[in-house]
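A.B. asks: This is a predicted model, with the sequence first.
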Amino acid sequence: MNPDLLFFDAFTRYGPRPKKHLAHAWRLDDIVAEMEHCSISGALVASSFSIYQDAMQGNLRLSSEIAGHPQLYPVWNVMPHHAGDFPSPRELEPLLRRHNVRAVILHPKTNRWDGDAPHSAELFRWLARRRFLAIVFKEEFAQLPDLERLLARFPSLNVLLMSAGWDDQRLLLPMLERRKNLHLGLDRFQIHYGPERFVKMGCEDRILYASNAPLMGMGAHRAFVDWAEIPLAARRKMAGGNLLRLLGLRAPPARVNRREDRLMAAARAGRPLPVPVVDFHMHILPEGARGAIEHVRMERGDPKGVFHQLNRMHCVGGGFMSWRVAAYDSWGGNEDVRRCLDVAPPGYWGLASVDPLYFSQNELARMIPEVYRDRRFVGMKPYLRFGIEYHHPSYDVWWRFGNRHRFYALIHRTRGDYAEVDALAKKYPRVRWVVAHCGADYRSAELGVECARRHPNVYLEITYTAVTYGIIDYLANGAGADRVLYGSDLPMRDLRPQLGWVVFSRLSEAEKRKILALNAAKVLAPCLARLPAHNRPRV
């Protein structure tokens, strides 16, 4: 149970940005509204005007525009002054003091200045001496070791790293232990058992709730902290305490959305949801394994670790597929799923995979019935890494079998359009085609909505690290709330941000229930009789 945690967002940014979809929020008012909806009490705010236009004019505009919002604090974009287009530290300091600026952001790549140049050291030394929090995005460095060199050169400079992803763990976790001036935002670093790992490492003082709204949703990230299986003191630090300490601020007045529904209230309290949850997109590692494919570390991604998390969140079921298949071992991957189901609690089923790169059509025709002889398998999961479009004839033997048995398929598109989904939905109407990762961005969502409108057997699954702001509502309003499915992609990602993404959407509780479980039952219904009773989710 949580008392009301005070959340203070370490990074938001409004203003125009490249390649923005018409439906994607971008205004300051969108940040304020999301804070109210998700019960966020304060936030650091940056402006894109200070990146893409004159930096100082953009900085001053930012401070002017947030002046009527006492819960917001400005983040100014700063750079070395030696080109003559930005104030020197001596000139900048009184301006920062006058506008109550306590954090800055650095864009060496975007704004074309060299952080390694000798003259840039003057700026870094001054920021460190004055104890400003310096925010950087991973994309501003050619590689993470470049960031570590900066941290080593200026050990008193407190740096908040944003946009590091789950695939950066082997570089970033050791760096976090070595560099005590490195702080980490939870925007994209949604690793399995992330908060628990940080506490185990002893670095909970340097983990910050940071949403990057309105690019991303605030509720997804707060759920990562709300549901963390760590001491209350550590949750308080990650939610806002660490940031307040770094900024030298007192806690702002707590803001709580008094119109929240039961699901939002349960999440904020750190309780399991009062409705069933079925996870439609899960992978599994072999018992004891901690890695998958060539570059990905996964914390507790075997059955023991995964089911602990699922049971704790009161999930009532879901579909498992293997990570080993993505490493081109489909037969071994199916065995991993089978062993997982052997120890699974009630409600879980399997998706099998076959790889036309390694087996002839005659071999596949023999293998497919063999793997599905285990009646716990009712799904089909091809992998993007196979490099073959799903409407290629080499897949037909599998799709025909699935159509005959009324299976469903979960597919991660190999193309930017939905041509393969259109072709398959028409050719195999008894298969439910569940398109994964439709929440990645608004263009994917827009195309998915159009495809779902064309085909009654197409469903849209949400999971993506982007936890895109407002996109759950967009999918449900466009395709219908009965055509959208919750999935987490665990253990590559942690399920808690993905679950919070749905919970803190603006949809009604009834619509959220459909996405979280009822639609999963609908997709399973045509093949439910095949599943053993133990493997049927109770929704």
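C.D. replies: Nice, thanks for sending it over. Just so you know, these numbers come straight off a predicted model, no measurement behind them.

A.B. asks: Adjacent strands (with direction) for the helix or strand of the chain with the lowest mean pLDDT?
C.D. replies: The helix or strand of the chain with the lowest confidence, counting by mean pLDDT, DSSP states H and E, is strand 291-292 at a mean of 82. Strand 291-292 has the following strand partners under DSSP bridges: strand 296-297 (antiparallel).

A.B. asks: Next secondary structure element downstream of the partner strand?
C.D. replies: The first helix or strand that comes after strand 296-297 along the chain, using DSSP states H and E, is helix 303-312.

A.B. asks: In that following helix, which residues are buried?
C.D. replies: Across helix 303-312, burial judged by 16 or more other C-beta atoms under 10 Å covers 303, 305-307, 309-310. (Each C-beta comes from the backbone N, C-alpha and C, glycine too.)

A.B. asks: and it, what other elements does it pack with?
C.D. replies: Using 3 or more C-beta pairs under 8 Å, 6 or more residues apart in numbering; DSSP states H and E, the elements in contact with helix 303-312 are strand 278-284, helix 330-342.

A.B. asks: Turn these into JSON lines, including distance to Gly379.
C.D. replies: Formatted as JSON lines, these follow (distance: least, C-beta to C-beta, whole Å):
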{"stretch": "strand 278-284", "distance to Gly379": "9"}
{"stretch": "helix 330-342", "distance to Gly379": "10"}
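
A.B. asks: Out of those, which gets the lowest mean score?
C.D. replies: In terms of mean pLDDT, the lowest-scoring of those is helix 330-342 (a mean of 95).

A.B. asks: And that helix, how far out from the chain middle?
C.D. replies: 26 Å (C-alpha atoms, centre = their mean, to the nearest Å).

A.B. asks: Same check on stretch 120-127?
C.D. replies: Here stretch 120-127 is found 33 Å from its chain centre; the criterion is C-alpha atoms, centre = their mean.

A.B. asks: for stretch 137-146, same thing?
C.D. replies: Offset of stretch 137-146 from its chain centre (C-alpha atoms, centre = their mean): 20 Å.

A.B. asks: where does this structure dip in pLDDT?
C.D. replies: 1 (pLDDT under 70).

A.B. asks: middle-most residue in it, spatially?
C.D. replies: Residue closest to the average C-alpha location in the chain (C-alpha atoms, centre = their mean): Thr465, at 2.5 Å.

A.B. asks: Chain neighbours aside, what residue packs nearest to that one?
C.D. replies: Spatial nearest neighbour of Thr465, chain neighbours left out: Arg188 (5.4 Å); criterion: C-beta to C-beta, 6 or more residues apart in numbering.

A.B. asks: can I assume the one you found is in contact with Gly165?
C.D. replies: Yes - taking contacts as C-beta atoms under 8 Å, Arg188 lies within contact range of Gly165: 4.8 Å.

A.B. asks: neighbour count winner among those two?
C.D. replies: Counted by other C-beta atoms under 10 Å, Arg188 and Gly165 do not tie: Arg188 has more neighbours, with 24 against 15.

A.B. asks: That one: which element?
C.D. replies: Using DSSP H and E, no element contains Arg188; it sits outside every helix and strand.

A.B. asks: cool, and the one 10 residues further on?
C.D. replies: Secondary-structure element containing Phe198, defined by DSSP H and E: helix 194-201.

A.B. asks: So which residues make contact with stretch 341-351?
C.D. replies: Residues from elsewhere that reach stretch 341-351 (C-beta atoms under 8 Å, 6 or more residues apart in numbering): 278, 303, 307, 310-311, 315-321, 334, 337-338, 340, 374, 376-381, 410, 524, 531, 534-538.

A.B. asks: Share the number of residues neighbouring the closest residue to Ala103 other than its chain neighbours, please.
C.D. replies: Of all residues not flanking Ala103 in the chain, Leu133 sits nearest, at 4.1 Å (C-beta to C-beta, 6+ apart). By the criterion of other C-beta under 10 Å, Leu133 has 22 neighbours.

A.B. asks: Torsion angles phi and psi at Leu133?
C.D. replies: For Leu133, the backbone dihedrals (degrees, to the nearest 10) come out as phi -80, psi 120.

A.B. asks: Verify the contact between it and Val104 for me.
C.D. replies: Yes - with contacts counted by C-beta under 8 Å, Leu133 reaches Val104, the gap being 7.4 Å.

A.B. asks: Using the record, which stretches count as separate domains in the protein?
C.D. replies: Taking automatic domain parsing as the criterion, the chain consists of the domains 8-263, 278-531.

A.B. asks: okay, those domains in TSV with distance to Gly270 next?
C.D. replies: Shown next, in TSV, are the domains of the chain (distance: least, C-beta to C-beta, whole Å):
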stretch	distance to Gly270
domain 8-263	5
domain 278-531	10
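
A.B. asks: who wins for proximity to Ala269 among the ones you listed?
C.D. replies: domain 8-263 (7.6 Å; C-beta to C-beta).

A.B. asks: Any idea how far stretch 244-257 is from the middle of the chain?
C.D. replies: Distance, centroid of stretch 244-257 to centroid of chain: 25 Å (C-alpha atoms, centre = their mean).

A.B. asks: What are the buried residues along it?
C.D. replies: Neighbour counts over stretch 244-257 (16+ other C-beta under 10 Å) mark 244, 246-247, 252, 255, 257 as buried.

A.B. asks: could I get those as a markdown table with distance to Trp113?
C.D. replies: Putting the buried residues of stretch 244-257 into a markdown table (distance: C-beta to C-beta, whole Å) gives the following:
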| residue | distance to Trp113 |
| --- | --- |
| Leu244 | 30 |
| Leu246 | 24 |
| Leu247 | 25 |
| Pro252 | 34 |
| Arg255 | 37 |
| Asn257 | 41 |
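
A.B. asks: Could you identify the most distant pair in these?
C.D. replies: Leu246 and Asn257 (26.2 Å).

A.B. asks: taking the buried residues of stretch 244-257 one by one, which sit in helices?
C.D. replies: The helices, defined by DSSP state H, take in 244, 246-247 from those.

A.B. asks: with those residues in mind, which one is nearest to Val484?
C.D. replies: Closest to Val484, out of all of these and judged by C-beta to C-beta, is Leu244, at 36.9 Å.

A.B. asks: Quick check: the closest one touching Lys237?
C.D. replies: No - with contact defined as C-beta under 8 Å, Leu244 does not reach Lys237; the gap is 9.5 Å.

A.B. asks: Against Ala476, how distant is Cys451?
C.D. replies: Per C-beta to C-beta, to the nearest Å, Cys451 is found 15 Å from Ala476.

A.B. asks: Ok, Arg432 next?
C.D. replies: From Arg432 across to Ala476, the span is 18 Å (C-beta to C-beta).

A.B. asks: likewise Val159?
C.D. replies: Distance from Val159 to Ala476, counting by C-beta to C-beta: 38 Å.

A.B. asks: Please say which of these two ends up with more neighbours.
C.D. replies: Between Val159 and Ala476, counted using other C-beta under 10 Å, the more crowded position is Ala476 (25 against 22).

A.B. asks: Hmm, the more buried one is touching Tyr486, no?
C.D. replies: No - the pair Ala476 / Tyr486 is not scored as a contact, 11.3 Å apart, by C-beta under 8 Å.
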